[in-house]
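# Fold the following.
(chains A and B)
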Amino acid sequence: MAAVIELTNVSKVYGRGEAEVRALDGVSIGIERGDFVAIIGASGSGKSTMMNIIGCLDAPTSGGYFLDGIRTADLDEYQQAQIRNRKIGFVFQNFNLISRTKAADNVAMPLAYAGVGRQERHTRALAMLDAVGLASRADHKPSQLSGGQQQRVAIARALVTNPVLLLADEPTGALDSRSSDEILDLFERLHAAGRTIVMITHEMDVAERAGRVVRMQDGRIISDVRQRPLRVPALAAAQ
Amino acid sequence: MSLLESARFALAGVAANKLRSVLTTLGILIGIAAVIVLLAVGAGTSNAIKAQIGKLGTNVLTVSRSTSVGGRAGAGTAVSGTRTRSTNLTLDDEKALTDPVLAPDVARTAPIVQAQGVTGTYNNATHSVASFLGTTAPYFTISNSTVAAGSLFTDADQQGAAPVAVIGATVASDLFGASTASAVGQTIQLNGQNFTVSGVLTAKGSSGLNDPDDIVVVPLSTAQSKFTGYAPTLASITVQAASADVMNQAQNELQMILDARHGVDATNRDYQIRNQAQILTTATNTTQTLTILLGAVAAISLLVGGIGVMNIMLVTVTERTREIGIRKAIGASRGSIVAQFLIESLIISVIGGVAGIVIGFAGSAFPVLGVQPEVQPWTVWLSLAVSAVIGLVFGVYPANKAAKLRPIDALRYE
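This next block holds a predicted model:
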């Protein structure tokens, strides 16, 4: 079973000398395909830094990071953009949809950067919106949608390129409890369908929905608990 | 990511802020329109002057008595007393200039006498004639003059000193009203003496400075008998060279003949030769300078427009920092971000350019200071190219700035 994410002794250091901050301090972790992992920690624990490194948005100061078997340090800027496009789907706390663009076009946007044709883009975007239960909202702009709906559009956008990893940064942080539950239910369904999900949160009750909880503090992993056995769903095996 | 996709995103960007895009476009529009109109005015002026000079006769050299160096007064004092002959231009001079051996490049010549203050009268209408000439038939060929009605005077009229006159369009309309053709065959008084109008000249049109149609032409012999007297002195001799290419040779031949006849040389000539080609060159140079100046003013406004585009693109990039972060996070490469913003500034400036060309054409339809501007086709292509270049040049910096943003910084931007 190949690991989707393999971090070996990764450190991230900001500043120099007196002002040096070790946001990540020798972190090693492997995440298997099909897993649903929650990374939990207080602010300043290094969880966001780790998420940025996992998402190829930032490079580690030292240590190795393999995403789906690829050593990311060897990639140039263009290849990193392609990795973000094809292998990772991002979900952000504040949704980060492009406000003047319709839901369907937001979802289709990663496919445009992947070079997919217009017609196919549209079809796939609608299918993905349907999968998150928003087929009827395809022509709405983000401002016409509720927070929970916007986050579902963002999830549809994250999944439209069929990435190996769904990376969610406080996906319920800006939502009320009902919308939060909807989103977490959606994550569970995706997980059940074989998606690999890494979710960052600071709320324990959110983290409890995951199969594995990694707790961080001061740039280090202080605990790594599996709450449910790692399932190997048919879809993941088929991928 | 194809350029077409980038263009689509760019177009959406332009459309997202319509008023701002339109106002930015206006900067380029005004610049391009100014370039087109001002260059058209320059070209129009230049062509008007060329046409005017062309109408006054092509390949024309005018020999006249010198009014500056070595004139009649100078000849008596500075030059030794041995040269006491009259240095006036005479009919003999005129005949000598047509010598086919000494002056092979001279096609024809015409002697000219002039009278000042001639007033024409017909019934109760009077007209003060600006230019009253006595000459011979070749004058009409040399000066490119044709009749709109009636006929030119003939050699027989010249030999018989017949009281006939060919009048210009302005004189005809002043004396006979709108139907100038009715003047033919009528008798008018010039300073009280009866003349029969044999023809009315085709109008040449005013250049604004003087009116070439305010003219009365009579046979040389008639002018001498009735106005200037039979003294052999001519006001000038008009000479037509065989072609425009031999103007300088013709001028040299004229100088050789006249120098010999008058006993002068280059240092003390008592006559001067005006070369139509030189006048044309001078005029062309002047209008070219004018055109360059006008173009430079317009170019400055274009530069200002370009800076406006850059300014707005920088604002746009700052405003959309977050969007850039999102696009990068979902897989936009630097190249596609650069393409998007570069195309956006290109769209703004090229739309401005095209609109400027339209406005430029519209503006050039109206005469400016009496000159009809003529749009030069090359200025249209140049304007299009320049507006595209402006879009690229002034878009490169903002687009690069956008592309260089680190996605995590851009995503955190509030």
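# Residues contacting the longest helix seen in chain A, please?
With secondary structure taken from DSSP state H, chain A has its longest helix at helix A:177-192. Contacting residues not belonging to helix A:177-192 are listed as A:34, A:36, A:132, A:146-148, A:151-152, A:155, A:159, A:166, A:168, A:171-172, A:175, A:197, A:199, A:206, A:209, A:211, A:231, A:233 [Cβ atoms under 8 Å, 6 or more residues apart in numbering or on different chains]. From N, CA and C alone the C-beta is placed, and that goes for glycine too.
# if you look at those, which of them are in helices?
When DSSP H defines the helices, the subset of these inside them is A:G147, A:G148, A:Q151, A:R152, A:I155, A:L159, A:V206.
# out of the residues you listed, which is most surrounded?
Of all the ones in helices among the contacts of helix A:177-192, the most densely surrounded is A:Q151 (29 neighbours; neighbours counted as other Cβ atoms under 10 Å in any protein chain shown).
# So that one versus chain B, what's the distance?
14 Å (Cβ to the nearest Cβ, to the nearest Å).
# cool, A:S143 as well?
Distance from A:S143 to chain B, counting by Cβ to the nearest Cβ: 13 Å.
# count of residues packed around the nearest residue to that residue once chain neighbours are set aside?
Residue nearest to A:S143 in three dimensions, not counting chain neighbours: A:S99, with 6.1 Å by Cβ to Cβ, 6 or more residues apart in numbering or on different chains. Applying the criterion other Cβ under 10 Å, we find 14 residues in the vicinity of A:S99.
# What of B:S143?
Neighbours of B:S143 under the rule other Cβ under 10 Å: 24.
# wouldn't it be in contact with B:V239 here?
No: judged on Cβ atoms under 8 Å, B:S143 makes no contact with B:V239 at a distance of 11.5 Å.
# joint contacts of the two?
B:V60.
# so how far is A:T196 from the residue most central in space within chain A?
In chain A, the C-alpha nearest the mean C-alpha coordinate belongs to A:L167, at 0.7 Å (Cα atoms, centre = their mean). Taking Cβ to Cβ, to the nearest Å as the measure, A:L167 and A:T196 are separated by 9 Å.
# Same question for B:E319.
Counting by Cβ to Cβ, the gap from B:E319 to A:T196 is 36 Å.
# Equivalent analysis for B:S221, please.
Counting by Cβ to Cβ - B:S221 and A:T196 are separated by 115 Å.
# got it, and B:L38?
If you go by Cβ to Cβ, the gap between B:L38 and A:T196 works out to 66 Å.
# What's the local residue count around residue 127?
All of this is about chain A. By other Cβ under 10 Å, 13 other residues sit near A:A127.
# That was the other one, I meant chain B.
Residues within reach of B:H127, counting by other Cβ under 10 Å, total 21.
# Leaving out the residues flanking it, which one is nearest to it?
Leaving aside its sequence neighbours, B:H127 is closest to B:D174 (4.0 Å, by Cβ to Cβ, 6+ apart).
# Please name the residues that touch the one you found.
Residues touching B:D174, when contacts are defined by Cβ under 8 Å, 6+ apart, comprise B:G120, B:A125, B:H127.
# residues in contact with the last one?
In this case it means B:H127. Taking Cβ under 8 Å, 6+ apart, we find B:H127 in contact with B:T119, B:G120, B:T121, B:T170, B:V171, B:D174, B:L175.
# you'd agree it is in a helix?
No: applying DSSP: H, G, I helix; E, B strand; the rest coil, one finds B:H127 to be strand, outside a helix.
# Residues in a beta bridge with it, which ones?
For B:H127, the beta-bridge assignment (DSSP bridges) gives partners B:G120.
# where does chain A dip in pLDDT?
Counting by pLDDT under 70, the low-confidence segments of chain A come to A:1-2, A:231-239.
# where along it do the strands fall?
Taking DSSP state E to define them, one finds strands in chain A at A:3-14, A:21-32, A:36-41, A:62-67, A:70-71, A:88-91, A:165-169, A:197-201, A:212-217, A:220-226.
# by contact count, what packs against the strand or helix carrying B:I300?
In this structure, B:I300 sits in helix B:276-319 according to DSSP states H and E. Other elements packing on helix B:276-319 under the criterion 3 or more Cβ pairs under 8 Å, 6 or more residues apart in numbering or on different chains; DSSP states H and E are helix B:18-55, strand B:60-65, helix B:334-364, helix B:377-404.
# let's see it at 7 Å
helix B:18-55, helix B:334-364, helix B:377-404 (3 or more Cβ pairs under 7 Å, 6 or more residues apart in numbering or on different chains; DSSP states H and E).
# so which of these is the most packed in?
Ranked by mean neighbour count under mean count of other Cβ atoms under 10 Å in any protein chain shown, the helices and strands packed on helix B:276-319 are led by helix B:334-364, which reaches a mean of 23.
# Helix B:18-55 and that one, what's the angle between them?
Using axes from the mean of the first three to the mean of the last three Cα atoms, to 10 degrees, the direction of helix B:334-364 lies 50 degrees away from that of helix B:18-55.
# Would helix B:334-364 count as contacting chain A?
Yes: contact between helix B:334-364 and chain A, assessed by Cβ under 7 Å from any Cβ of the partner chain, occurs at B:R334, B:S336.
# distance between that helix and the chain's centre?
A distance of 33 Å separates the C-alpha centroid of helix B:334-364 from that of its chain, computed with Cα atoms, centre = their mean, to the nearest Å.
# pLDDT of that helix, averaged?
For helix B:334-364, mean pLDDT rounds to 93.
# Who are the packing partners of it?
In terms of contacts (3+ Cβ pairs under 7 Å, 6+ apart), helix B:334-364 is packed against helix B:3-16, helix B:18-55, helix B:276-319, helix B:377-404.
# residues contacting B:I112?
B:I112 makes contacts with B:L133, B:T135, B:L234, B:A235, B:S236, B:I237, B:T238, as judged by Cβ atoms under 7 Å, 6 or more residues apart in numbering or on different chains.
# Pull the number of nearby residues for the first one.
It stands for B:L133. 22.
# Now it: closest residue in space, sequence neighbours ignored.
Leaving out its chain neighbours, the residue that sits closest to B:L133 by Cβ to Cβ, 6+ apart is B:V217, at 5.0 Å.
# before we move on, what SS does that neighbour have?
Under the three-state scheme (three-state DSSP), B:V217 adopts strand.
# residues in chain B within reach of chain A, list them.
Residues of chain B that fall close to chain A, judged by Cβ under 7 Å from any Cβ: B:1-2, B:5, B:16, B:323, B:326, B:328-334, B:336, B:407-408, B:411.
# Nice, that's everything, thank you.
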